[in-house]
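S.K.: Just to be clear, the model below is a prediction. Sequence and coordinates:
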Amino acid sequence: MGKPTGFIEYTRELPQRRPVEERKHDYREIYMPLPVHKAREQAARCMDCGVPFCQSGCPLGNIIPDWNDLVYRDRWQEAFFRLRATNNFPEFTGRICPAPCEAACVLGINEPPVTIEQIEKEISERAWDEGWIVPRPPASRTGKRVAVIGSGPAGLAAADQLNQAGYAVVVFERDDRPGGLLRYGIPDFKLEKHVIERRIDIMCREGVEFMTSTEVGVNYPIEELEQFDAVVLCGGATKARDLPIPGRELDGIHFAWDYLWQQNKRVAGDSLEGVDPILAKDKHVIVIGGGDTGSDCIGTANRQGARSISQFELLPMPPKGRPEHQPWPFYPMKLTVSSSHEEGADRRWSILTKEFSGSNGHVEKLTTVHAVPKTDEEGRTRLEDQRGTTKDWPADLVLLAIGYVGPEKEGMISQLGLDLDARGNVKTNDDYMTSRPGIFSAGDMRRGQSLVVWAISEGREAARGVDTYLRREATPLPGKGVGDLPIIR
């Protein structure tokens, strides 16, 4: 490493967040710029650790020590091309990844880990600013066409890889703009949409075709897919988990996706004509679900001027440090405080919602109990209501952020007659091909609800499967952690 003693000399440091009272009034990203010398200092903290567990912790297999060393040496362009070799979209993961690589960092055993995610963002933004990211269409075309259905991170990664390999790629998106989860599920204060637009623009100029407002199996006949030599399904796990308890039919109870989708379209200036507005202004808002999506709802409700915001999590409050059963280098389930939590919310744990109630067809309150985990004689854990803990909470708007149960089966999946796995996801073989030859799947549609970084990895791996299938031989297309092959520029 360029600075063998860097981990001793420098402490972990992240860019400052804009003041709460300032950022609550806009949807711009919350972080202030990080000076270049600070980024180089943070990169210098990367140790000569011998075995870089950060690489195995990263679903993309990013060669992290290499680009940390290059940043410290002020060789930014080389750092970018080393990063880009394994990650199609570091500008996304550098903003919204929970950084399992940092959880696996060797320095993190007894010190704060290296700020890998932030360095990744600094490298990618430097590349955009310096003009190193330019359209690079393939030198030749194979003459074969591939359809990618879904333009979220998995679909974009698969399309990018296959286009680089010389295939004519068409990406189908049922919404009116490409980006999927990145565009409609993540608020601008975490990922401003110009970041997506510039990447889509590059891909278009490299030859990828995007067909928006096009839902395969609905307004695009499934039979039309026969004109393609291969198809990659990347539609995501979009069937939200519901909460079927008394009063669920009342107005004012919505899935988190519908709420975030609307606000992302408002921020973009898109029309919501014909859509019943979901707004938090002057309302008592309760978010059910303690994960990142729930946090995004909190940040959005604060910006909309909610009267109060409460967040309920069914499980007990996690510890502030690593749990004993999740030692390094495992990703720990520990207490986190997001930027949205800083902006104001009453967080509650071990809360089980039992009933919604209201009048005139609209929710006005919900009833909860405190639930604690109990283990039976066979070692199975279940939640048990505690007596005397019943409580009513005022609620004008309830947002269900309790995850997704898999892809939507009706429409495309049922029309294609695809086999599903035990969890209801699209079943594939090791090459990501479904039960129908020539049809592949990747991302949340295949693996279930997961991370953006996993979706990108899945898209890359599915592209390898497609290339092998169409070539009838081993593919030179890189997958996880394969970054020195000439096809990647």
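M.R.: Received it, and whenever you're ready, just let me know what you need.

S.K.: Run through the neighbouring helices and strands of the longest helix along the chain.
M.R.: Longest helix in the chain, counting residues (DSSP state H): helix 452-471. Counting contacts by 3 or more C-beta pairs under 8 Å, 6 or more residues apart in numbering; DSSP states H and E, helix 452-471 packs against helix 90-96, helix 153-164, helix 181-184, strand 230-233, strand 439-441, helix 444-447. Any C-beta I mention is one placed from the backbone N, CA and C, and that applies to glycine too.

S.K.: tilt between it and helix 153-164?
M.R.: 40 degrees (axes from the mean of the first three to the mean of the last three C-alpha atoms, to 10 degrees).

S.K.: If we go by neighbour counts, what in helix 452-471 is buried?
M.R.: 452-470 (16 or more other C-beta atoms under 10 Å).

S.K.: mind checking which of the helices and strands packed on helix 452-471 is nearest residue 271?
M.R.: The closest of these to residue 271 is helix 181-184. By C-beta to C-beta, the value is 14.4 Å.

S.K.: neighbouring contacts of that closest one?
M.R.: Helix 181-184 is contacted by residues 92, 152-153, 175, 177, 191, 193, 196, 236, 257, 260-261, 264-265, 452, 455 when judged by C-beta atoms under 8 Å, 6 or more residues apart in numbering.

S.K.: And the furthest pair within those residues?
M.R.: Counting by C-beta to C-beta, the most remote pair of the contacts of helix 181-184 is 265 and 455, 21.7 Å apart.

S.K.: What lies in contact with the helix or strand hosting residue 384?
M.R.: Secondary structure from DSSP states H and E places residue 384 in strand 381-385. Applying C-beta under 8 Å, 6+ apart, the contact partners of strand 381-385 are 314, 352, 369-376.

S.K.: Of all the residues in stretch 437-445, which ones are buried?
M.R.: Buried residues in stretch 437-445 (16+ other C-beta under 10 Å): 438-445.

S.K.: For it, measure first residue to last.
M.R.: 17 Å (C-alpha to C-alpha, to the nearest Å).

S.K.: Contacts for that stretch next, please.
M.R.: Residues contacting stretch 437-445 (C-beta under 8 Å, 6+ apart): 150, 152-155, 157-158, 229-237, 404, 407, 416, 418, 425-426, 428, 431-434, 450, 454-455, 458-459, 461-462, 465-466, 469.

S.K.: again, only using 6 Å
M.R.: 154, 158, 230-237, 407, 426, 428, 432-434, 450, 455, 458-459, 462, 465-466 (C-beta atoms under 6 Å, 6 or more residues apart in numbering).

S.K.: Name the next helix or strand downstream of the helix or strand bottoming out on mean pLDDT in the chain, please.
M.R.: Sorted by mean pLDDT, DSSP states H and E, the helices and strands of the chain end with strand 381-385, the least confident at a mean of 91. Using DSSP H and E, the helix or strand that directly follows strand 381-385 along the chain is strand 391-394.

S.K.: Within the sheet, what are the partner strands of that following strand, with directions?
M.R.: Within its sheet, and counting by DSSP bridges, strand 391-394 is paired with strand 362-375 (antiparallel).

S.K.: Compute the inter-axis angle for the partner strand and strand 381-385.
M.R.: Using the same axes, to 10 degrees, one finds that strand 362-375 and strand 381-385 are set 130 degrees apart in direction.

S.K.: Tabulate the CA atom coordinates of strand 362-375 in PDB.
M.R.: As requested, C-alpha coordinates have been extracted for strand 362-375 and formatted as PDB (Å, rounded to 0.1, in the frame of the first residue of the first chain):
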ATOM      1  CA  HIS A 362     -60.900   6.700   6.600                       C
ATOM      2  CA  VAL A 363     -58.300   5.500   9.100                       C
ATOM      3  CA  GLU A 364     -58.000   7.500  12.300                       C
ATOM      4  CA  LYS A 365     -56.000   5.300  14.700                       C
ATOM      5  CA  LEU A 366     -54.300   2.000  15.000                       C
ATOM      6  CA  THR A 367     -54.000  -0.400  17.900                       C
ATOM      7  CA  THR A 368     -50.800  -2.100  18.900                       C
ATOM      8  CA  VAL A 369     -49.400  -4.400  21.500                       C
ATOM      9  CA  HIS A 370     -45.800  -5.000  22.700                       C
ATOM     10  CA  ALA A 371     -44.500  -8.300  21.400                       C
ATOM     11  CA  VAL A 372     -41.500 -10.200  22.600                       C
ATOM     12  CA  PRO A 373     -39.700 -13.200  21.100                       C
ATOM     13  CA  LYS A 374     -40.300 -16.500  22.900                       C
ATOM     14  CA  THR A 375     -38.500 -19.800  22.100                       C
END
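
S.K.: pLDDT on it, on average?
M.R.: Mean pLDDT, strand 362-375: 96.

S.K.: Which positions within it qualify as buried?
M.R.: 363-371.

S.K.: again with stretch 63-79
M.R.: 63-73, 76, 79.

S.K.: what distance separates the start and the end of it?
M.R.: End-to-end for stretch 63-79, by C-alpha to C-alpha: 10 Å.

S.K.: Which residues does it contact?
M.R.: Residues contacting stretch 63-79 (C-beta under 6 Å, 6+ apart): 1-3, 40, 43-44, 46, 52, 54-55, 82-83, 116, 119, 123, 126, 132.

S.K.: what stretches of the stretch 201-350 of the chain score poorly on pLDDT?
M.R.: Applying pLDDT under 70 to the stretch 201-350 of the chain flags no residue at all.

S.K.: how about the strands in it?
M.R.: 209-211, 230-233, 239-240, 253-255, 284-288, 308-313, 346-349 (DSSP state E, counting those that start in this stretch).

S.K.: and residue 276, what does it touch?
M.R.: No residues are in contact with residue 276 under the rule C-beta under 6 Å, 6+ apart.

S.K.: Mind listing the residues bridging to residue 346?
M.R.: Beta-bridge partners of residue 346, as defined by DSSP bridges: residue 310.

S.K.: Any figure for the gap between it and residue 255?
M.R.: 22 Å (C-beta to C-beta, to the nearest Å).

S.K.: and these two? which has more neighbours close in?
M.R.: Remark: of residue 346 and residue 255, residue 255 carries more neighbours, 20 against 12, as counted by other C-beta atoms under 10 Å.

S.K.: Spatially, what comes nearest to the more buried one if we skip its sequence neighbours?
M.R.: Once flanking residues are discounted, residue 255 sits nearest to residue 240: 4.4 Å by C-beta to C-beta, 6 or more residues apart in numbering.

S.K.: how much space is there between the one you found and residue 408?
M.R.: For residue 240, the distance to residue 408 - C-beta to C-beta - is 10 Å.

S.K.: Over to residue 38?
M.R.: Residue 38 is 45 Å from residue 408, by C-beta to C-beta.
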